[in-house]
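1. Here is a sequence with its predicted model. Questions after.
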Amino acid sequence: MKKVLITGANKSIGLETARQLLQKGYYIYLGSRNLKNGLEAVEKLKAEGLTDVEAIQIDVSDDESVKAARAELGKKTESLDVLINNAGISGGFPQTATGASIDAFKKVFDTNVFGVVRVTQAFMDLLQKSPEPRIVNVSSSQGSLTLGDDPTDLYYNHKAAVYQSSKSALNMYTINLAYELRNSPFKVNAVDPGFVATDFNNHRGTGTVEEAGARIAKYAIIDSDGPTGKFFSEEYNPETGEIPW
């Protein structure tokens, strides 16, 4: 049974991704910053008959928490097949390039960028022991420089200097990570779940968590012929999914 770690998985898109992968026969380590919330999410899934799941306490913005999570997971398994870096924050709105504070940038980057680096590096040794390791970095079309500079884009006038910058940085990390692992069995991609109605955006989104979970799960289970080093948003491109960086 293949094993998956999902950060920020106690609710919304992360929880739904866990649910869909459980339904496909994967074993899920459900990462949650607050262990109580994680345990409650696990019980919810088990009540649905999805039992191959357990909670792991992990705060991606805290070095010691990530190290402790790695040590805990190492007691449970010798390898990890999939890492889904889902945990992220918006930083609140509005966010202007001329007014957003340095502290706001630091807080968002600590989760959305540095958190992904912390977790990826901490669990790399377990991933390398998998015959078909997969890494999915949950990004956003808002991190696309090409789309962000396109006046015809649907969200052109919806700027968020802090959040968008963090996702652009995450995208470049994804490119570098995929490049370094290009001659290995790894598949590394950035996936935009879409503009989904969740707590993240005060439920203003137009998509569903089911759609979002399916989009992420799709790239967590790709086979050896699947893509790597790509940026996908099926909301933008329903045909191939790929969008420009």
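-> Nice, thanks for sending it over.
2. Could you check how far Q57 is from H158?
-> 34 Å (CB to CB, to the nearest Å). Heads up, the C-betas are built off the backbone N, CA and C, glycines and all.
3. quick one: which of these two has more around it?
-> Q57 (17 against 12; other CB atoms under 10 Å).
4. which residue packs closest to that one, ignoring adjacent ones?
-> Among residues not flanking Q57 along the chain, L35 sits closest, at 4.1 Å (CB to CB, 6 or more residues apart in numbering).
5. same question, F114
-> S61 (7.3 Å).
6. what helix or strand is that neighbour on?
-> Counting by DSSP states H and E, no helix or strand carries S61.
7. before we move on, what about the one 5 residues further on?
-> Here V66 sits within helix 63-76, counting by DSSP H and E.
8. And the contacts of whatever helix or strand comes next after that helix?
-> Following helix 63-76 in sequence order, the next helix or strand is strand 82-85 (DSSP H and E). Applying CB atoms under 8 Å, 6 or more residues apart in numbering, the external contacts of strand 82-85 come out as 2-7, 9, 14, 17, 21, 26, 60, 115-116, 119-120, 123, 127, 133-138, 216, 220-221.
9. quick one: low-confidence ranges for this structure?
-> 197-206 (pLDDT under 70).
10. Which stretches in it count as helices?
-> For the chain, applying DSSP state H gives helices covering 12-23, 35-47, 63-76, 102-112, 114-127, 145-148, 161-180, 209-220.
11. Please work out how many residues are found near the residue nearest to Q57.
-> If we define neighbours as other CB under 10 Å, then L35 has 13 of them.
12. That one and E64: what is the separation?
-> For L35 relative to E64 (CB to CB), the value is 15 Å.
13. try Q121
-> Where E64 is concerned, Q121 sits at a distance of 14 Å (CB to CB).
14. Same drill for the two, tell me which one is more crowded.
-> Q121 (12 against 8).
15. measure the more buried one to P131 for me?
-> 21 Å.
16. and what of G99?
-> For G99, the distance to P131 - CB to CB - is 49 Å.
17. doesn't T174 make contact with V117?
-> No. V117 lies out of contact with T174 (CB atoms under 8 Å); the separation is 10.8 Å.
18. Who has more neighbours out of the two?
-> A count of neighbours by other CB under 10 Å puts T174 above the other of V117 and T174, at 27 against 15.
19. Identify the bridge partners of the residue lying closest to the more buried one once chain neighbours are set aside.
-> Once flanking residues are discounted, T174 sits nearest to A190: 4.4 Å by CB to CB, 6+ apart. Under the criterion DSSP bridges, A190 forms beta bridges with N137, F231.
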